[in-house]
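Asks: Got a predicted structure here, sequence first:
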2 protein chains.
Amino acid sequence: MNGKLRQLLVPVLAAVAGLAFVAQTFAQTDPLPFWNEGAAKQAIVKFVEATTTQGSPSFVPPAERVATFDQDGTLWVEHPMYSQVVYCFDRVPAVVKAKPELANVEPFRTVLSGNREAIAKLSMDDLFKILATTLTGMSVEDFKTEARKWLDTARDPRWKRPYTELTYLPMQEVLKYLRANGYRTYIVTGGGQDFVRMYADEVYGIPPEQIVGTASGTKYGYTKNGKPFLTKEPKLLLNDNNAGKPEGIYLMIGRRPFAAFGNSTGDRQMLEYTKAGTGERLAMLVLHDDAQREYAYGPAQGLPATKVGMFTQALYDQAKREGWVVISMKSDWKRIFSFEP
Amino acid sequence: MNGKLRQLLVPVLAAVAGLAFVAQTFAQTDPLPFWNEGAAKQAIVKFVEATTTQGSPSFVPPAERVATFDQDGTLWVEHPMYSQVVYCFDRVPAVVKAKPELANVEPFRTVLSGNREAIAKLSMDDLFKILATTLTGMSVEDFKTEARKWLDTARDPRWKRPYTELTYLPMQEVLKYLRANGYRTYIVTGGGQDFVRMYADEVYGIPPEQIVGTASGTKYGYTKNGKPFLTKEPKLLLNDNNAGKPEGIYLMIGRRPFAAFGNSTGDRQMLEYTKAGTGERLAMLVLHDDAQREYAYGPAQGLPATKVGMFTQALYDQAKREGWVVISMKSDWKRIFSFEP
């Protein structure tokens, strides 16, 4: 090599070597810095490496990389009440104003009374009546306007923050880590599909078409001026809980997930369905065992069952038996929220 | 610049210039070579340029680029009978073998008779009975096995080719052109969602999660050994025709399309819904007016209505009135099938 050529090539080669060094450093960077070392973190990293390393016996082609996440209690706080249920309760006065005849009809009368004890005793049937009345019978655009207003102004009573900030930092890391490795991340939630679609892109980076949720039908019609619009109907199309989760996954995605994350009996069938596939599959359950930083609840910890987050002893036993990995919020997560120091 | 440096750089610069030339040539390459010059081709190119050129007033962010396509009669041949209906008819003998009591029950007796005239007279109700009986009551895996067998062996009577080859080359070009410009292409079909998912990836490059179709519910259960599986139920969740198309789009995608392609009254509402959005929107209808190379049918050409492809005069008038672009197979398409010279 003559002197001039060397002069010219040396910085080029140095730059190439530098790039290689950067690449290596990047590869060695911890993909889950907010997770403590342990079985849960290991399971996630092992799964990603096994399914995305070319030549691995468990290699999954990019098109088939699907991971599904329950939302309430898995990606963000669900206690003491699902945020969407809070939304529906908050909507009751406006609905009653529009239909005054509801003021003396149960369960609306109880909700309006503000009597917390009586409200806590409402049955599931009452709850469905409230959901149906506050979430349907309007155009999808009107629904979006109302939901947006609430999301921008409502505050969680404990942290005094918008509900959309109560998302778990370590789970956000898992979403990003999976996506960085070619996985498409889906939310599969018992919550309302179009409610979750309102904020999931901004909160989790998950676009509307990757939200599978409980869905009511819509009805196509026209305004007086002939402009088409959709009205939300009180007709349940998909109850995306329990068996409804794999059924909803089949309907909306048409592929079996390779990884699934949940936190309650409502996620049991989704995890079973995921693990029943061939090759390497990952099933994980978040256990709410951190009374100080978040909440501790449910029979798996000898605590009474609540209306939300039914992590029963039977679910815990099934997890152990079938190789699902339980995530302890208390010991697996270094930090829970982004707003905490 | 000294001589050595110049010696070294000249080929590099030449290579860079070459790349620029290639890029320019590529940009000037006709994206739709199987389309004749005309209003239809122009409308497609103009739409893509307007919505994907940075700085254009109609620019659409990549995440929102959704284009929806009807299948039967829009992407492939639907005449004289939808291929899925042929599948269901072909399945009748096997179903009757499994349930011999059906042999003397209508409409199964007529189908088994092979009497073409009587079969042609079956009502829509009869047809639904045949669809429900041949498409449900089995596990989704068994359904896939049966459908795969049929797709591999069945032949269209006119061209003697697998149905999956009867796809329109110019429409394949549109799919690829849109995808090359960041659009996600969806099929929104009156056909069975899980039937179309069987072949859409291989035929159109459209993955299962981008198929919106008529869908029956499934039911989650377990084998004797405790392995979970889904059974196809005779319960209609989504009738993805007419108003069902925008309703299905809202359910499955949650975004309004920027471009929509159809060929019959069943696509009317999808096109209306698409055009009702803000900014540049494209609505197109394929007119079957090529009796020689494919078929000519429907009232828009003064021909009698058939059981498929109802391109009525009213639809034609609405298209003209609302700025939807009609594609003439005869004059807009240079070639129809890939297997033709």
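Replies: Happy to help now that I have it. Numbering: from 1, shown residues only, chains lettered A, B, ... in the order given.
Asks: Only C-alpha atoms from now on, for both contacts and neighbour counts.
Replies: Fine.
Asks: mean confidence for stretch A:90-106?
Replies: Per-residue pLDDT values across stretch A:90-106 average out to 93.
Asks: got the buried residues for that stretch?
Replies: The neighbour-count check on stretch A:90-106 (16 or more other CA atoms under 10 Å in any protein chain shown) flags A:Asp90, A:Arg91, A:Val92, A:Pro93, A:Val95, A:Val96, A:Leu102, A:Ala103 as buried.
Asks: what's the span of it, first residue to last?
Replies: End-to-end distance for stretch A:90-106: 16 Å, by CA to CA, to the nearest Å.
Asks: Check stretch A:249-259 too.
Replies: End-to-end distance for stretch A:249-259: 13 Å, by CA to CA.
Asks: mind listing what the residue nearest to A:Lys334 when sequence neighbours are not counted touches?
Replies: Among residues not flanking A:Lys334 along the chain, A:Phe34 sits closest, at 5.1 Å (CA to CA, 6 or more residues apart in numbering or on different chains). Counting by CA atoms under 8 Å, 6 or more residues apart in numbering or on different chains, A:Phe34 makes contact with A:Leu169, A:Pro170, A:Glu173, A:Trp333, A:Lys334, A:Arg335.
Asks: If you drop the residues flanking it in sequence, what lies closest to the fourth one?
Replies: Pointing back at A:Trp333 there. For A:Trp333, ignoring the flanking residues on the chain, the nearest one in space by CA to CA, 6+ apart is A:Trp35 at 4.8 Å.
Asks: I'd say the one you found and A:Asp332 touch.
Replies: Yes: in this structure A:Trp35 lies within contact range of A:Asp332 using CA atoms under 8 Å: 5.7 Å.
Asks: Overlap of the contact sets of these two?
Replies: With contacts defined as CA under 8 Å, 6+ apart, the residues shared by A:Trp35 and A:Asp332 are A:Lys41.
Asks: So the two - more neighbours on which side?
Replies: Under the neighbour definition other CA atoms under 10 Å in any protein chain shown, A:Trp35 and A:Asp332 were set side by side, and A:Trp35 has more, 23 against 20.
Asks: ok, so what distance separates the residue nearest to A:Lys334 from chain B?
Replies: 29 Å (CA to the nearest CA, to the nearest Å).
Asks: can you check A:Thr136 too?
Replies: Taking CA to the nearest CA as the measure, A:Thr136 falls 14 Å from chain B.
Asks: Would you mind measuring from the nearest residue to that residue once chain neighbours are set aside to B:Tyr316?
Replies: Among residues not flanking A:Thr136 along the chain, A:Lys232 sits closest, at 4.8 Å (CA to CA, 6+ apart). Distance, A:Lys232 to B:Tyr316, by CA to CA: 30 Å.
Asks: same deal with A:Ala300?
Replies: 64 Å.
Asks: So which residues on the stretch 151-300 of chain A come close to chain B?
Replies: Within the stretch 151-300 of chain A, the residues that sit near chain B (CA under 8 Å from any CA of the partner chain) are A:194, A:197, A:208-210, A:215, A:217-220, A:227-230, A:237, A:243-244, A:246-247, A:251-255, A:272-273, A:276.
Asks: Which entries within the residues you listed meet the buried criterion?
Replies: A:194, A:197, A:208-210, A:215, A:217-220, A:228-230, A:237, A:243-244, A:246-247, A:251-255, A:272-273, A:276.
Asks: Which ones among those map onto strands?
Replies: The members of those that map onto strands under DSSP state E are A:Ala215, A:Gly217, A:Thr218, A:Lys219, A:Tyr220, A:Pro228, A:Phe229, A:Leu230, A:Leu237.
Asks: Who are the contact partners of A:Thr74?
Replies: Neighbour list for A:Thr74: A:Met171, A:Phe261, A:Gly262, A:Asn263, A:Leu285, A:Val286 [criterion: CA under 8 Å, 6+ apart].
Asks: Can you tell me the SS state at it?
Replies: coil (DSSP: H, G, I helix; E, B strand; the rest coil).
Asks: Helix or strand next in line after the helix or strand bottoming out on mean pLDDT in chain A, which one?
Replies: Counting by mean pLDDT, DSSP states H and E, the weakest-scoring helix or strand in chain A turns out to be helix A:3-28, with a mean of 52. For helix A:3-28, the following helix or strand on the C-terminal side (DSSP states H and E) is helix A:39-52.
Asks: Sketch out the low-pLDDT regions of the stretch 51-200 of chain A for me.
Replies: Within the stretch 51-200 of chain A, not a single segment meets pLDDT under 70.
Asks: show me where it has helices.
Replies: Using DSSP state H, counting those that start in this stretch, the helices of the stretch 51-200 of chain A run over residues A:83-98, A:108-113, A:116-120, A:124-135, A:140-153, A:169-180, A:193-197, A:200-204.
Asks: For the fifth one, buried residues please.
Replies: Buried residues in helix A:140-153, defined by neighbour count with 16+ other CA under 10 Å: A:Val140, A:Phe143, A:Lys144, A:Ala147, A:Trp150, A:Leu151.
Asks: can you tell me which of those residues lies nearest to B:Glu280?
Replies: Nearest to B:Glu280 among those: A:Val140, at 21.7 Å, using CA to CA.
Asks: wouldn't the closest one be in contact with A:Gly221 here?
Replies: No: between A:Val140 and A:Gly221 there is no contact under CA under 8 Å: 11.7 Å.
Asks: Could you tell me which residues make contact with A:Ala154?
Replies: By CA under 8 Å, 6+ apart, A:Ala154 lies in contact with A:Arg161, A:Pro162, A:Tyr163.
Asks: now do 6 Å
Replies: With contact set as CA atoms under 6 Å, 6 or more residues apart in numbering or on different chains, A:Ala154 has these partners: A:Pro162.
Asks: for A:Pro207, same thing?
Replies: A:Asp201.
Asks: how much space between it and B:Pro62?
Replies: Using CA to CA, one obtains 12 Å as the distance from A:Pro207 to B:Pro62.
Asks: and the helices of the stretch 51-200 of chain A as JSON lines, adding distance to B:Arg155?
Replies: Shown next, in JSON lines, are those (distance: least, CA to CA, whole Å):
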{"stretch": "helix A:83-98", "distance to B:Arg155": "52"}
{"stretch": "helix A:108-113", "distance to B:Arg155": "61"}
{"stretch": "helix A:116-120", "distance to B:Arg155": "63"}
{"stretch": "helix A:124-135", "distance to B:Arg155": "49"}
{"stretch": "helix A:140-153", "distance to B:Arg155": "44"}
{"stretch": "helix A:169-180", "distance to B:Arg155": "41"}
{"stretch": "helix A:193-197", "distance to B:Arg155": "41"}
{"stretch": "helix A:200-204", "distance to B:Arg155": "45"}
